[in-house]
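Peer 1: Give me a model of this one.
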Amino acid sequence: MAINSPIRITGFSGTLDTDSLITKLMQAERVPLDKVLKSKQFTIWQREDYQAMNTALLSFRNSINNLRFESNFEKTTATSSNTSVIEVASSGTSAGISSVRVGKLATSATIVSNPIASATQTISESGAISINGKATVAFTAGVSTVESIVKDINSKASQTGVKANFDKASGVLYLSSSQMGDNSEVNIASLDPSNPSDTSLGDFMSFLNLSQSSAVGSDAEYYVNGSTTAIKSASNSVSINGVQVTLRSQGEASIGVVTDRSGIVDKIKDFVTQYNSLIDLYSTTANTRRSREYEPLTSEQKEAMSESQITQWEKRARQGTLYNDSILRDTLSSMRSALNTPLNVPSDQIQMLSSIGITVMTDYKENGKLQIDEAKLQEAINTRFDEVKQLFVRASDEDPPAGKSNIGIADRLYNIANVQMEKFKKKMGSGSLEAMDDSVIGKQLKALSEQESNWKRKLEDIETRYYKRFAAMEAALQKMNSQSSWLFSQLGQ
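Peer 2: Below you'll find the model as predicted:
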């Protein structure tokens with residue numbers, strides 16, 4: 001088949017099937033191009049499989065992150081003995097019991113009106129007042145109503161820190177500060193207090209049936225563990241010994257905080273599962289050889305096959321893309337070394353995973369996967385919890401290479417994952433499967449694409465040359481046939 005399809009005049013002599021002959025000749029000429037295209041496809045498969053390996057390593061790194069920090073090893077659950085006095089909003093950070101006496105709650109500054117006859121009646125005077133000295137609220141005789149004034153006050157709440165709420169059922173108006181505590185206030189004043197003829201404040205208060213023009217809030221006061229010294233807060237949400245608490249009413253209650261370590265067993269088991277999955281994937285991938293009997297298919301080969309045949313063929317053809325890959329081998333070796341390096345602590349403390357029931361499977365076919373003695377693990381957590389925690393989370397002030405004995409297992413593996421992921425990035429790049437970037441594979445694809453373009457140009461020239469040769473042969477045959485016909489006609493006379 002031609003690389004391109006220029007218009008050609010062929011086969012006029014009726015003697016030669018030019019297209020068929022050239023197609024067969026070009027099949028042999030295309031062998032180098034097919035080889036390049038197969039190499040290109042195999043390289044793209046390699047990049048795709050590198051991406052899969054990197055994704056698996058990223059997933060493992062994220063799972064091991066759960067064991068890098070002490071906070072993930074134990075959680076505390078806090079409870080209140082009297083939820084009408086205090087409510088526990090979240091768990092705390094340390095076990096223990098705190099007694100709490102609430103003296104008073106924090107309040108916002110609030111002015112409450114007497115009942116107002118109608119929310120739709122209009123004010124009889126015009127004027128303006130200030131709220132907290134930060135914004136002006138104007139009113140117009142015969143126009144402004146309770147509802148319009150409430151709307152105007154609320155439109156300026158971001159400036160004044162005061163909101164208005166009218167309860168239609170009771171006819172009561174509430175003016176409240178958005179903040180609580182001693183520093184909160186609501187203050188309604190005339191624009192010019194020194195002007196005795198300015199009656200705006202009185203008109204405003206009379207219309208809204210207010211008996212006071214100012215109010216202040218108050219701090220909450222509570223006492224912890226029998227102390228006689230009040231702790232003040234501008235909010236009813238406070239922190240007591242690391243526990244977030246909401247003060248509800250005056251009275252006494254106690255906060256109990258209990259340490260829960262049950263979840264750490266599941267976290268460690270999940271780590272082993274994730275580790276084994278990664279080891280199995282990397283070992284299988286690095287040990288799978290490429291089958292030379294199954295190479296990437298050319299477009300012509302695909303045309304002669306069904307979709308299912310293509311799928312089955314390519315499943316075999318893409319095996320072994322990362323056979324004996326150095327990054328996979330190095331990852332496996334580094335992780336095994338990290339797990340086999342004792343933690344640098346006194347010999348009477350836990351130094352190895354084997355001390356908490358996690359050992360390497362003895363069957364060599366398992367490629368170094370881990371197994372758990374759950375009873376031994378649970379016993380270690382129950383009796384030597386701090387040492388188990390240290391085995392995983394111990395950190396160093398320095399920046400040691402991954403696998404060093406002065407950092408915990410979780411950090412060792414986390415560091416290894418970061419190093420190997422960077423190697424994957426340099427190898428495969430971060431673009432699309434066919435991106436010709438500065439990665440190793442990107443440069444390979446660029447070189448192969450250039451070879452592909454060069455060979456296509458060469459084959460086009462070769463095909464054109466064949467057609468010219470066959471055209472010349474046909475012309476010669478036509479001339480010979482013409483001469484033969486003339487000769488036979490002369491002999492027959």
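
Peer 1: Please name every helix or strand in contact with the one helix or strand Ser334 maps to.
Peer 2: If you go by DSSP states H and E, Ser334 is part of helix 326-340. If you count contacts as 3 or more C-beta pairs under 8 Å, 6 or more residues apart in numbering; DSSP states H and E, helix 326-340 packs onto helix 31-64, helix 263-287, helix 409-428. C-betas here are computed from N, CA, C, even on glycine.

Peer 1: hey, which of the ones you listed is tucked in deepest?
Peer 2: Sort those by mean neighbour count, taking mean count of other C-beta atoms under 10 Å, and helix 409-428 sits at the top with a mean of 20.

Peer 1: Which among the helices and strands packed on helix 326-340 is found nearest to Gln250?
Peer 2: Closest approach to Gln250 among these is made by helix 263-287 (37.1 Å; C-beta to C-beta).

Peer 1: how close does the residue positioned nearest the centre of the chain sit to Ala169?
Peer 2: With distances taken as C-alpha atoms, centre = their mean, Asn62 lies nearest the centre of the chain, 10.2 Å away. From Asn62 over to Ala169 the distance is 54 Å, taken as C-beta to C-beta, to the nearest Å.

Peer 1: tilt between the helix holding Ser334 and helix 31-64?
Peer 2: Calculated by axes from the mean of the first three to the mean of the last three C-alpha atoms, to 10 degrees, helix 326-340 forms an angle of 20 degrees with helix 31-64.

Peer 1: Could you list the buried residues of the helix or strand that helix 326-340 is followed by?
Peer 2: Following helix 326-340 in sequence order, the next helix or strand is strand 358-360 (DSSP H and E). Neighbour-count burial for strand 358-360 flags Ile358, Val360 (criterion: 16 or more other C-beta atoms under 10 Å).

Peer 1: strand partners of strand 358-360, parallel vs antiparallel please.
Peer 2: The strands that strand 358-360 pairs with in its sheet are strand 370-372 (antiparallel) (by DSSP bridges).

Peer 1: Which other helices and strands does the helix or strand just after the strand it pairs with contact?
Peer 2: Counting by DSSP H and E, the next helix or strand C-terminal to strand 370-372 is helix 374-383. Using 3+ C-beta pairs under 8 Å, 6+ apart as the contact test, the elements touching helix 374-383 are helix 263-287, helix 385-393.

Peer 1: Residues touching stretch 384-394, excluding its own?
Peer 2: 67-70, 73-74, 261, 264, 343, 345, 349-353, 355-356, 380-381, 406-411 (C-beta atoms under 8 Å, 6 or more residues apart in numbering).

Peer 1: Quick check: buried residues in that stretch?
Peer 2: Neighbour counts over stretch 384-394 (16+ other C-beta under 10 Å) mark Arg384, Glu387, Val388, Lys389, Gln390, Leu391, Phe392, Val393, Arg394 as buried.

Peer 1: with these in mind, which one is nearest to Arg47?
Peer 2: Nearest to Arg47, judged by C-beta to C-beta, of these is Phe392 at 34.6 Å.

Peer 1: Please report how far the closest one lies from Asn66.
Peer 2: Distance, Phe392 to Asn66, using C-beta to C-beta: 10 Å.

Peer 1: Show the average pLDDT along stretch 110-118.
Peer 2: Taken as a whole, stretch 110-118 has an average pLDDT of 94.

Peer 1: quick one: the helices in the chain?
Peer 2: Using DSSP state H, the helices of the chain run over residues 18-29, 31-64, 146-155, 157-160, 200-207, 263-287, 299-303, 307-317, 326-340, 374-383, 385-393, 409-428, 440-491.

Peer 1: Now do the third one: which elements does it pack against?
Peer 2: Based on contacts counted as 3+ C-beta pairs under 8 Å, 6+ apart, the elements that helix 146-155 packs against are strand 135-139, strand 162-167, strand 172-180.

Peer 1: Include mean pLDDT and distance to Asn209 when you put those strands into TSV, please.
Peer 2: As requested, the helices and strands packed on helix 146-155 are exported to TSV (pLDDT from 0 to 100; distance: least, C-beta to C-beta, whole Å):
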stretch	mean pLDDT	distance to Asn209
strand 135-139	96	15
strand 162-167	96	11
strand 172-180	97	8
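
Peer 1: Quick one: closest of those to Ser283.
Peer 2: strand 172-180 (62.1 Å).

Peer 1: quick one: strands adjacent to the closest one?
Peer 2: Strand 172-180 is paired, per DSSP bridges, with strand 108-112 (antiparallel), strand 162-167 (antiparallel).

Peer 1: Give me the buried stretch members for it, please.
Peer 2: In terms of neighbour count (16+ other C-beta under 10 Å), strand 172-180 has its buried residues at Leu173, Leu175, Ser176, Ser177, Gln179, Met180.

Peer 1: just so I know, which of the helices of the chain lies nearest Lys134?
Peer 2: The nearest among the helices of the chain, by C-beta to C-beta, is helix 157-160 at 4.9 Å.

Peer 1: average pLDDT across that closest one?
Peer 2: pLDDT averaged over helix 157-160 gives 96.

Peer 1: how far is that helix from where the chain is centred?
Peer 2: On the basis of C-alpha atoms, centre = their mean, to the nearest Å, helix 157-160 sits 38 Å off its chain's mean C-alpha point.

Peer 1: So which elements touch that helix?
Peer 2: Partner elements for helix 157-160 (3+ C-beta pairs under 8 Å, 6+ apart): none found.

Peer 1: and of the helices and strands packed on helix 146-155, who's closest to Leu33?
Peer 2: Across the helices and strands packed on helix 146-155, closest to Leu33 is strand 172-180 (C-beta to C-beta), at 75.4 Å.

Peer 1: quick check: angle from the closest one to helix 146-155?
Peer 2: 10 degrees.

Peer 1: Between the buried residues of stretch 384-394, which sits nearest Gln301?
Peer 2: Closest to Gln301, out of all of these and judged by C-beta to C-beta, is Phe392, at 53.0 Å.

Peer 1: Next one: that closest one from Arg316, what distance?
Peer 2: 42 Å.

Peer 1: Thr298 too?
Peer 2: 16 Å.

Peer 1: Which one of those two is surrounded by more residues?
Peer 2: Using other C-beta atoms under 10 Å as the criterion, Thr298 and Arg316 rank with Thr298 on top: 16 against 13.
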